[in-house]
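In: sharing a sequence plus its predicted fold:
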Amino acid sequence: MKFLADMGVSISTVRALRQEGHDTVHLTDEGLQRIPDPEILEKARQEGRTVLTFNLDFGDLLASGLTESPSVIVFRLHDKTPSSVTLKLIDLIHQRAEDILKGAVVVVEDARYRLRRLPIRHTEEDL
């Protein structure tokens with residue numbers, strides 16, 4: 001799989017993904033530390049990458065755009081250490097790679113994860 005790691009994601013997590021055979025880029029690799037969120041999504045979309053982030057704004061941006069890509073994995077963990085994030089992420093990839101490749105927003109929590117397929121369609125209850 002291909003990933004684009006946002007600024008909050010540790011370089012050690014990026015290294016671990018690379019060791020697992022995943023094509024993973026961190027924003028700092030390309031000097032893009034200050035790039036706005038919509039541009040991060042567009043970069044990921046153009047390169048076929050899944051965004052890794054701690055920032056909830058990415059889910060909101062995808063919901064407002066009704067797009068089918070890119071997938072976004074959002075970490076909402078109490079233990080935000082790189083080792084904890086990496087273990088949760090690798091487990092998620094092994095369990096749900098197909099869904100991530102098809103387009104999804106995944107929120108990774110301590111005891112579970114929530115997956116919502118893209119595009120996000122609003123119901124009348126959401127409005």
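Out: Looks like it came in fine.
In: could you use CA atoms for every contact and neighbour count after this?
Out: OK.
In: how about the lowest-mean-pLDDT helix or strand in the chain: buried residues?
Out: Across the helices and strands of the chain, the lowest-confidence element by mean pLDDT, DSSP states H and E is helix 57-65, at a mean of 78. Buried residues in helix 57-65, counted by 16 or more other C-alpha atoms under 10 Å: 58-59, 62-63.
In: tell me how far Leu52 lies from Asp23.
Out: 13 Å (C-alpha to C-alpha, to the nearest Å).
In: what do those two both touch?
Out: Contact with both Leu52 and Asp23 is made by residues Phe3, according to C-alpha atoms under 8 Å, 6 or more residues apart in numbering.
In: out of the two, which sits in the more crowded spot?
Out: Leu52 (24 against 14; other C-alpha atoms under 10 Å).
In: mind putting the buried residues of helix 57-65 in JSON lines, distance to Leu89 included?
Out: Formatted as JSON lines, the buried residues of helix 57-65 follow (distance: C-alpha to C-alpha, whole Å):
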{"residue": "Phe58", "distance to Leu89": "17"}
{"residue": "Gly59", "distance to Leu89": "17"}
{"residue": "Leu62", "distance to Leu89": "20"}
{"residue": "Ala63", "distance to Leu89": "22"}
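In: for Gln95, state which of these is nearest.
Out: Gly59 (20.8 Å; C-alpha to C-alpha).
In: which element is the spatially closest residue to that closest one that is not a sequence neighbour on?
Out: Distance criterion C-alpha to C-alpha, 6 or more residues apart in numbering; nearest residue to Gly59, sequence neighbours excluded, is Val105 at 6.5 Å. According to DSSP states H and E, Val105 maps onto strand 104-109.
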